[in-house]
Every structure is written in structure tokens, then in C-alpha cells.
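Q: only geometry, no sequence info:
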Ligand code: SF4
Ligand code: SF4
């Protein structure tokens, strides 16, 4: 084992460095706060000759992903990054990428969505893209950003599904933390070279990609049966379900090589004997750990679950992890307007029909950069246990 | 590729006549070639064939004279529009 290479990196720097370590071949991205430093860093790597990639300058996020889709279809490892309204401007291509089954990896430095404008953090942007057919992985800290980008390329290229690596804007993107940087040879040993589904650059076999596809299968001109539109959608869903086994396997492979884990599907903290679970996604999970420690000091058996893999949804892992819980406080930085937090609904549905029926309460926190502290999570959890909650979902620390 | 993935995983087609189905039955207008105007016929050399090049359904042959496969010709009129000497006219299909 060589000496550890620890660098002090911001979240965006960790993301860019990870893409470089994975030797991405095409980068196309449009700057948007707080993601901008990712393409900035990558363009510098390319300019200095440290990364042999095509850095494509584009006029919008829509084009950025369009370039990545084409590059990926042609056999190049492609990477992009965006957030908030940039992600939404890209949205048509977000769906197109999943339907095209391209293993593009995209970092999203989660930011609140306008109108009105905010540049600060919440997770409404990626949650709004939940049903596009991408795998969504959420990071708790900058080390996880670096590790997750690397793992994402392995997972995506095995399953032919694009992956969003989501991390909280500013909270992680602009905060410096020590990050252990793996050796690029070690990374090369766990990422096989990317092989596209078919060689579309072969001029003898010209293909028309994503033609109009009918509702029933039909033979192509050369007699092969082509799947129906609905059939292709089912295949995409099957690939995402398959990811529920691929993601933990890749994390285990990573752990064997680098001696650290991201938890695979879920990050669990003191859940074994926990009667109260604080459940969250992204950096809020780290905050919840501090709250759980404080609750334990007051003799409350608290534990934490951080949902690392939000799509596909790890229902079985959640059921297993929650089987002894009496209370589940779901803290999330998004709202499905007119209902409750999206994660909270998913947690409830995962427990449907099981014998464990803990009391589940949804808390909306940190919207548009609103500060949320561990002691507020602790208080909210106590309010749940003591039956002091009257509204649902509860908006934490809200000053109207 | 993961062996558990059901193939094909994405929609693709080859560039071939009939890939879009029997597109001839959509047609409201049919292209009709006037051999007395067509350059390749008049010069007996493959010196034009723009209709062959532009037809999106690949149903015009690169022959002298160019032949149009009406089973798949969707009647879009691109060939007629692109022909530099107006040798193709679009004529209304008779409906039963
Ligand atoms: S484009 Fe017109 S002139 Fe040229 S080959 Fe076709 S029909 Fe003939
Ligand atoms: S009208 Fe002409 S261009 Fe259009 S499909 Fe028919 S032959 Fe081809």
C-alpha cells in the first residue's frame, strides 16, 4: 500500500478530479452556480494536457447533455454537470439519455429551483427529475462525491443507465474537506474500458438510432423483431431494478480496493438497536448523525439512515433497516407540492403491508438554503416522539 | 454488458427500405416520373440521381431510369421538389 494521498478539496473539485481519474473522454457542460467550478476545473485539466478529453463548449445545458448522449453512443466516456434551472432546461435530454441507454455520469450540485431565483441549496431540482429513468445517488460529504463518481461510471457502463451524482450545493460544493484521492492506476484496475452497445461509427452498418417506435413489436427490414416502445420502457425499468444489486456489489469492490464504503444503497448509523430513526438524503444525513448522538445522550435510542440510492428505490433494504423502529422522522429538502416530501411517500410505500408499522413523519427542511442545524433535527424528533406534531408535513425552522 | 439485461436494450434501425413499415398506404399523392424530362434518361448516364439521394424512404433506385417503389413511397414529395428539371410530378391518388 502506497502512502495515502489526502487533499483538501471542495465538492466541485472532488467531482472534477474524480471525472479526470476516470479518464473521461468527452466533457460538455454549461456553467451554473454552484456547479461552475466542475467544468472550469475540467477545462483546465484538458488545456494543460493532464486529461486527454474533448471539452465541448456549448451554449446551453440542453446541448451539453445532447453532446454527451451522442459521444456516449459513439463509444466515448462522457461526463457533465449542472443543477437547478440548468437541469430543468436540460430535462428533455435527461429523459432522452435514459431512453437511449447511455452510461453518462452527471454531477448535480443541488440547488433550489426558480422562480423566484435562489442560488442556494435544496434538492427540488433532482427530485423533479426522479422519474426520468436515471439512477440517482446522493452524497453525504466530499469524499463520497469523489468515490461515487468513480463507482457511477462502473455501474452506468455495466447497466447502460445514466447516473446523477447529487450533492448539496454550497454545503458540499463550496466547502473544503480532506479527501483521500485514489491512485489513477488503482482506479483503472476497477473500471473496465467502456464498450458501447454497438459500434455506430462502423460505416458498413449505418444505424438509425431511436427511430419512431410503435406500440407493438415489429420486424426490422432485416427480419429481426424490434421491441415495442412499452417493451423498451420495461427493459429500462428492469435495468434500474438490477441496479439494486449492482450498486452494493460495486461499493463492495470499491471497499476491497480502497478500504472505505459509501454504504451502497443506504448509509446506516447506529440502526441495530434504534427505536427512533432519523432518515434523510445527502449532507443532511451527516447533520442527523450529530442529532442522533445527542439523542442517545438523553437515553433515546436513535439511529440514522441516509438514502444514498434514491432511484432505484431500495425498498427491501429500507424495510430491513426499519423493522425494529417505532418512529421514523424523514428529513428532506424537497416537497411534492400538494402532498408531502417525495422521500417520505416512498418510505411509507416501502412499509405497506409489512408487520412493522412505525409512526412516520415527514419534515421539510433547508429549502432554498435555509439553515438547518443538528439541534433542530433533534428537537423535531423529540416533537414526534412526544406527540407534539399537529401539521403534516412539518416545515422545520420556517420563518415566513 | 451485464448478461441479465434483456436485449435489444434500445431502439435502432438499419437504413433500409421498409424500416418504417408499409409507408405507401399513407400516401395521398404519388410521384410520377416523366422520362422525357429526366436527365439520366436523356443522357443515358448516371449524372443526376438527386431524387435517389434525397428520398427519405430510400425507395428510388439509382438506375436508368430511376424506379420508385410505391409500396413504401409515402408521397412526401421531396423527390419532386429536389428534381432540378421538374421531371417528377405529384399526382393525387385515386381513393376507393
Ligand atoms: S432528380 Fe430528376 S432528373 Fe435527376 S434523376 Fe431524379 S428524376 Fe431524373
Ligand atoms: S414522394 Fe418521392 S421522396 Fe417521398 S417517399 Fe416517395 S419517392 Fe421518396
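A: The structure has been received and is ready for your questions. As the structure is a computational prediction, the values presented were derived from the model and not from experiment. Ligands and ions are numbered 1, 2, ... in the order given.
Q: ok, residue A:323 - contacts?
A: Neighbouring residues of residue A:323 by Cβ atoms under 8 Å, 6 or more residues apart in numbering or on different chains: A:354, A:356. The C-beta positions use only the backbone N, C-alpha and C, and glycine is treated the same way.
Q: show me the shaky parts of the chain.
A: By default, I'm working from chain A. Within chain A, the ranges that satisfy pLDDT under 70 run A:1-2.
Q: right idea, wrong chain: chain B
A: B:95-96.
Q: all helices of it, in order?
A: Ranges of helices in chain B, per DSSP state H, are B:39-43, B:50-54, B:78-82.
Q: next one: the stretch 51-200 of chain A
A: With DSSP state H, counting those that start in this stretch as the criterion, the stretch 51-200 of chain A has helices at A:61-73, A:84-89, A:91-99, A:124-127, A:142-159, A:184-190.
Q: flag every residue of chain B that's near chain A.
A: B:1-2, B:4-6, B:8-21 (Cβ under 8 Å from any Cβ of the partner chain).
Q: ok so, going back, can you tell which of the helices of the stretch 51-200 of chain A is closest to ligand 1?
A: helix A:61-73 (31.6 Å; Cβ to the nearest ligand atom).
Q: helices or strands up against that closest one?
A: Counting by 3 or more Cβ pairs under 8 Å, 6 or more residues apart in numbering or on different chains; DSSP states H and E, the packing neighbours recorded for helix A:61-73 are strand A:26-28, strand A:54-56, strand A:78-82, helix A:84-89, helix A:91-99.
Q: and if we set it to 10 Å?
A: strand A:26-28, strand A:54-56, strand A:78-82, helix A:84-89, helix A:91-99, strand A:105-110, strand A:207-209 (3 or more Cβ pairs under 10 Å, 6 or more residues apart in numbering or on different chains; DSSP states H and E).
Q: and the helices of the stretch 51-200 of chain A as CSV, adding distance to ligand 2 and mean neighbour count?
A: Formatted as CSV, these follow (distance: least, Cβ to the nearest ligand atom, whole Å; neighbours: other Cβ atoms under 10 Å in any protein chain shown):
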stretch, distance to ligand 2, mean neighbour count
helix A:61-73, 27, 24
helix A:84-89, 35, 22
helix A:91-99, 27, 20
helix A:124-127, 44, 25
helix A:142-159, 39, 26
helix A:184-190, 50, 13
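Q: in TSV, list those helices along with distance to residue A:311.
A: Formatted as TSV, these follow (distance: least, Cβ to Cβ, whole Å):
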stretch	distance to residue A:311
helix A:61-73	17
helix A:84-89	15
helix A:91-99	10
helix A:124-127	9
helix A:142-159	12
helix A:184-190	24
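Q: can you check which of those helices gets nearest to residue A:343?
A: The stretch from the helices of the stretch 51-200 of chain A with the least distance to residue A:343 (Cβ to Cβ) is helix A:124-127; that distance is 8.1 Å.
Q: ok, residues contacting that closest one?
A: Residues outside helix A:124-127 that contact it (Cβ atoms under 10 Å, 6 or more residues apart in numbering or on different chains) are A:82-88, A:106, A:108-113, A:118, A:132, A:134, A:136, A:138, A:164-167, A:169, A:281-282, A:310-311, A:332-337, A:341-343, A:367-368.
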